[in-house]
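**Q** Here is a sequence with its predicted model. Questions after.
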Amino acid sequence: MSESSLIGLSPQQFAEAFPFHLAIDREMTVRQVGRSLARVLPALTVGSRLLDHLVVEYPPGMDTFDEIVVADMLFILAAPDRSVRLRGQVITVGDGKMALFLASPWLDGPEDMTRLGLTLSDFARHDSVVDILQTIQAQKAALADLRMLAERLASQRAELRKTNEALTTEIADRRRAEANLREREERFETLLASASEAIVISDEKGTILLANARAEAMFGYTRAELTGQPVDVLVPRGVRAAHAGHRTAFIERPHTRPMGGGLILSGLHKGGAILPLEISLSYVETSEGMLVMTFLTDISERQRAAEELRSQRDFAVQVMGAMGQGLTVLDPDLRFEYVNPALGRLLGMDPALLVREPFLRVLDGNSGTLFVDELAEMENGRTVEVEVQVLGANSEALPVLLTCVPWQRDGDAVAVIIVVTNLAERKQIEQAVAWARDRALEASRLKSDFLASVSHEIRTPLNSIIGVAEMLSEMRLEREASELVDLIGESGKVLLALINDILDFSKIEAGKLVLEETPFSLRACIEAAIDVVRTAAARKHLQLAYEMEPPVPDRVVGDETRL
């Protein structure tokens, strides 16, 4: 059965009524083409695919059989180059297995007929056949409307129930979404407040939308003062033009730039102070445009610390350069990283030429093996000393002492600091010290011998004086003469004690002094000392006296003569 018979018309009547009709199956394959349409689109033949020659211009987005047949509306089909456009209605035939597009060409004027090569004979003839078709279509439409009305009435209640359920679900979903949104906003605010960096969020135009508490503290503005301001308010005037260029370039080619990427900028405090800042950038695409998140860290303290570190390093380099001893720093591969001038002079080489050279190259003989073996002791952080020989100027082997100190970072050895002591110079110094010590000991011995000899010569007449004084003290003399004799005896004894003291100093220098430990009267010792100087004091009209506190004992143990 042909498509025309499906709607109650003979093929001839159908062709006359719809010269621009088109029939397709479910696979969108062309099954019949009206005579006038075949003239306009010769390539549109039976068996070809519809979409290879015509596209659905309206309604847009329909390119399957099911989408086309369910749409109860006017269709517009057009050639890909828009040279031919058709408008009309689609009806289904053959139990929905085929679709008829009852079309007519879209003409804007007589010139379009000429362009397409059409005449009046190419269009439908309006006679009773067309009226019959319209009646049939009207009946079908009425039946369809009745069925649709019944279906709609039957489904309205169900649809209403679904709508109510959906509305209830939507309200619950909205409430949950609002709660989630509030929770996310609170979480976001908490993150902003607890962030260690200052955070400023701006839009594509550079307008500040949000700033956290750290940003407020850093720049001296409140959040309300910053919101709505251009980010240039936080940038020194002298670099605002350059900053605007950087911001434009970032908006055109956005990318995440992490902290520590080397970008250091200057910020402007509300009070006018310039702040050195390190920044990182991130961005978020939203329905309202791009948001730029700027993370800022004040590196003033870091720069001060770095400057102090540079100063300390320069000072250390100056100290190491001024050292009389050789000093070097080796990397983990035992290559020179630093050589001070003293070591360069010892080795007879320019320190700069030694950098990156192996340290073992300057060791003589088996000193390299000995050095490496001793370095194994540094694994526990110990300082190691090892005597080796180095090749000095003119390839001369010099004995040196290497004091090796490990330089560790986080428990790992990153370098070795070595102090190089020239043992040849030390041995010369030790020999000079030994010679000077021997000379001093010899001089001390000669002095002691001299003092002993002189003391002996003085003691002989002095002992005679003391002996005569003791003999006179045993005679019956007047009181004044007896006192003078006693004074002579005591003075002689004091002089003898002084001579003994001189000898004691010699013994002290020689380490031979021995103190006596005998009991004696402290009061008598003090009175004897006063008697020695009493006569001299009397000549100057001075009176001598002493007083002993009760807790001081009279009998003590010690060396009375030396006291």
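**A** That came through, no problem.
**Q** any idea whether residue 224 is helix, strand or coil?
**A** Using DSSP: H, G, I helix; E, B strand; the rest coil, the structure places residue 224 in helix.
**Q** That one and residue 326, how far apart?
**A** 65 Å (CB to CB, to the nearest Å). (Glycine included, C-beta is placed from N, CA and C.)
**Q** Name the residue in those two with the higher neighbour count.
**A** residue 326 (23 against 9; other CB atoms under 10 Å).
**Q** how many neighbours does residue 465 have?
**A** What residue 465 shows, counting by other CB under 10 Å, is a neighbour count of 15.
**Q** ok, it touching residue 492?
**A** Yes: between residue 465 and residue 492 there is a contact at 5.0 Å, judged by CB atoms under 8 Å.
**Q** next one: stretch 151-164 to chain centre, how far?
**A** Remark: stretch 151-164 is offset 64 Å from the chain centroid, using CA atoms, centre = their mean, to the nearest Å.
**Q** ok, now stretch 77-94?
**A** Counting by CA atoms, centre = their mean, stretch 77-94 comes out at 67 Å from the chain centroid.
**Q** what do you get for stretch 477-488?
**A** 98 Å.
**Q** List of residues touching it?
**A** For stretch 477-488, the surrounding residues in contact (CB atoms under 8 Å, 6 or more residues apart in numbering) are 465, 469, 472, 473, 531, 534, 535.
**Q** mind listing the helices in the stretch 201-350 of the chain by residue range?
**A** Using DSSP state H, counting those that start in this stretch, the helices of the stretch 201-350 of the chain run over residues 213-219, 223-226, 240-252, 300-322, 341-347.
**Q** Those helices: lowest mean pLDDT?
**A** Among these, helix 300-322 carries the lowest mean pLDDT, a mean of 75.
**Q** tell me what that one is packed against?
**A** Here helix 300-322 touches strand 274-286, going by 3 or more CB pairs under 8 Å, 6 or more residues apart in numbering; DSSP states H and E.
**Q** for the strand it packs on, which positions count as buried?
**A** Neighbour-count burial for strand 274-286 flags 275, 276, 277, 278, 279, 280, 281, 282, 283 (criterion: 16 or more other CB atoms under 10 Å).
**Q** and of those, the nearest to residue 306?
**A** residue 276 (10.8 Å; CB to CB).
**Q** So the closest one sits against residue 298, correct?
**A** Yes: using CB under 8 Å, residue 276 is in contact with residue 298, at 7.3 Å.
**Q** can you list residues touching both of the two?
**A** residue 267.
**Q** got any ranges where the stretch 251-400 of the chain has weak pLDDT?
**A** Scanning the stretch 251-400 of the chain for pLDDT under 70 picks out the ranges 257-264, 316, 321-322, 379-380.
**Q** do you know how far the residue of the chain most remote from its centre is from residue 467?
**A** Distance from the C-alpha centroid of the chain peaks at residue 476, with 106.0 Å (CA atoms, centre = their mean). Counting by CB to CB, the gap from residue 476 to residue 467 is 19 Å.
**Q** just residue 475 next, same as before
**A** 14 Å.
**Q** Have a look at the two and say which one is more surrounded.
**A** The residue with more neighbours, out of residue 475 and residue 467, is residue 467; 12 against 9, by other CB under 10 Å.
**Q** what's the helix or strand where that one lies packed up against?
**A** Assigned by DSSP states H and E, residue 467 belongs to helix 423-473. Helix 423-473 sits against strand 397-409, helix 479-510, with contacts defined as 3+ CB pairs under 8 Å, 6+ apart.
**Q** Can you give the domain ranges for the protein?
**A** Domain segmentation of the chain under automatic domain parsing yields 4-125, 195-298, 317-422, 429-558.
**Q** Residue 366 - how many residues pack around it?
**A** 10.
**Q** Equivalent analysis for the one 10 residues further on, please.
**A** Other residues within reach of residue 376 by the criterion other CB under 10 Å amount to 8.
**Q** just residue 447 next, same as before
**A** Residue 447 has 14 nearby residues by other CB under 10 Å.
**Q** Next: residue 265.
**A** With other CB under 10 Å as criterion, residue 265 counts 18.
**Q** swap in residue 247?
**A** Quick note: residue 247 (other CB under 10 Å) scores 20 neighbours.
**Q** How much space separates it from residue 294?
**A** 10 Å.
**Q** and for the two, which residues touch both?
**A** Common neighbours of residue 247 and residue 294 (CB under 8 Å, 6+ apart) are residue 231.
**Q** quick revisit: rank the helices and strands packed on helix 423-473 by pLDDT, which is bottom?
**A** helix 479-510 (a mean of 71).
**Q** Tell me the first helix or strand C-terminal of that one.
**A** strand 518-521.
**Q** In that following strand, which residues are buried?
**A** residue 520.
**Q** Determine how far that strand lies from the middle of the whole chain.
**A** The answer for strand 518-521 is 80 Å, by CA atoms, centre = their mean.
**Q** follow-up on the earlier one: ramachandran coordinates for the residue farthest from the centre of the chain?
**A** phi -90, psi 110 (degrees, to the nearest 10).
**Q** now swap in residue 389 and tell me
**A** phi -120, psi 140.
**Q** State the number of residues packed around residue 249.
**A** 10.
**Q** What distance do you get for it to residue 26?
**A** Taken as CB to CB, the span from residue 249 to residue 26 is 55 Å.
**Q** Check residue 57 too.
**A** For residue 57, the distance to residue 26 equals 22 Å [CB to CB].
**Q** Give me the neighbour count for residue 524.
**A** Residue 524: 11 neighbours (other CB under 10 Å).
**Q** for residue 87, same thing?
**A** 17.
**Q** does it sit in a helix or strand, and which one?
**A** Going by DSSP H and E, residue 87 is in strand 85-93.
**Q** Give me the residues contacting that strand.
**A** Taking CB under 8 Å, 6+ apart as the rule, strand 85-93 contacts 3, 6-7, 20, 22-23, 37, 54, 57, 68-69, 71, 74-79, 98-106, 137, 140.
**Q** mind checking how far residue 92 is from residue 99?
**A** 5 Å.
**Q** Now do the contacts for residue 44.
**A** For residue 44, the contacting residues are 22, 30, 33, 37, 38, 53, 54, by CB under 8 Å, 6+ apart.
**Q** among those, who's most crowded?
**A** Within the contacts of residue 44, most neighbours by other CB under 10 Å means residue 22, with 26 neighbours.
**Q** which residues touch that one?
**A** 30, 32, 33, 34, 37, 44, 50, 86, 100, 101, 103.
**Q** Which positions are bridged to it in the beta structure?
**A** residue 33, residue 101 (DSSP bridges).
**Q** more neighbours, residue 57 and residue 26?
**A** Neighbours were counted for residue 57 and for residue 26 using other CB under 10 Å; residue 57 has more, 17 against 13.
**Q** So which bits of the helix or strand hosting that one are buried?
**A** Using DSSP H and E, residue 57 sits within strand 55-58. Of the residues in strand 55-58, 55, 56, 57 count as buried by neighbour count, 16+ other CB under 10 Å.
**Q** so the first one bridges to which residues?
**A** Applying DSSP bridges to residue 55 yields these beta-bridge partners: residue 78.
**Q** Which residues are in contact with it?
**A** So residue 55 contacts 63, 77, 78, 79, 80 (CB under 8 Å, 6+ apart).
**Q** Give the rounded mean pLDDT of the strand holding residue 57.
**A** 86.
**Q** so which of the contacts of residue 44 would you say is closest to residue 118?
**A** Among those, residue 37 lies closest to residue 118 (CB to CB), at 10.6 Å.
**Q** for the closest one, helix, strand, or coil?
**A** helix.
**Q** need the contact list for the nearest residue to it once chain neighbours are set aside.
**A** The shortest distance from residue 37 to any non-neighbouring residue, by CB to CB, 6 or more residues apart in numbering, is to residue 20 (4.5 Å). Applying CB under 8 Å, 6+ apart, we find residue 20 in contact with 34, 36, 37, 40, 86, 88, 103, 104, 105.
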